[in-house]
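>>> the sequence and its predicted three-dimensional model are supplied below.
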Amino acid sequence: MKTLKNILRKIRQLSGRLFECKSGILLCRPVKPGEDPAQRNADAGPKVVRITAPTEGIPLKTQEFQWRKEQGNELFGLVVDDELRSYGWVASAGSRVGVLHDLHLTVPEQAFYIWDCATDPAFRGRGYFQKLLDGIVAEHQSGSKLGLVAVDSHNEASKSALLKSGFRPAFTYLSVRSIGVVLFSVVVKNGKFRRAQRQFDALSQGDAEP
């Protein structure tokens, strides 16, 4: 019996190496005119700022940072006591961003897409990510009608912050690949399976509601 268990364990380990299965959730939040972000940031407390150059706490080389900027992305950071606590990239309308494996999204008109976010590990669990999200949305109240973001299905902390910030699930997507080759990618929406890239393309073209 012990030998059989060891064999099964090795089979599961091998299967995990051969097949990579990941899932995520696309969430959206309507953007409505509200308070002036400049006035909000003038108050005491955490401030959301645009970061225009590589800085301490951002694990990106200058070349990668500049490339992202050239592709239509902006970096926003949450600053507390003059220290960066959380940050996130924002892709503007028309920008093409990777979502998962070979899935891509071209950001729709009058929308923005939040991606590659992180919070200093020493300061997690204090609501900083939610404050960053709220600040990013506030900064896009002029000219944008929809905020989009994708999150790993198993990232409970980020999902909680997104929901508290007003984002709501649009659909779930799943992608499976083996040895670098994508076997299939699907979207689950309203209990139905659809080709994932086709769904993202429809969203980009305004042919599908998130």
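The structure has been received and is ready for your questions.
>>> going forward, measure contacts and count neighbours with C-alpha atoms only.
Will do.
>>> against Leu133, how distant is the residue most central in space within the chain?
Nearest to the geometric centre of the chain sits Trp115, at 3.5 Å (Cα atoms, centre = their mean). Applying Cα to Cα, to the nearest Å, the value for Trp115 to Leu133 is 11 Å.
>>> same deal with Lys22?
24 Å.
>>> all helices of the protein, in order?
2-18, 37-42, 62-70, 128-139, 156-164, 196-204 (DSSP state H).
>>> other residues contacting the fifth one?
To tie it back to what came earlier, the one meant is helix 156-164. 127, 129-130, 133, 151, 168 (Cα atoms under 8 Å, 6 or more residues apart in numbering).
>>> buried residues, it. List them.
For helix 156-164, the neighbour count (16 or more other Cα atoms under 10 Å) marks 158-159, 161-162 as buried.
>>> which member of those residues is positioned nearest Lys47?
Ala161 (17.3 Å; Cα to Cα).
>>> just the strands in the chain please.
Applying DSSP state E to the chain gives strands spanning 19-30, 47-51, 73-80, 83-91, 96-100, 103-106, 111-119, 146-152, 168-178, 181-189, 192-195.
>>> before we move on, back to that, look at Lys22 and Leu133 and report which has more neighbours.
Leu133 (27 against 16; other Cα atoms under 10 Å).
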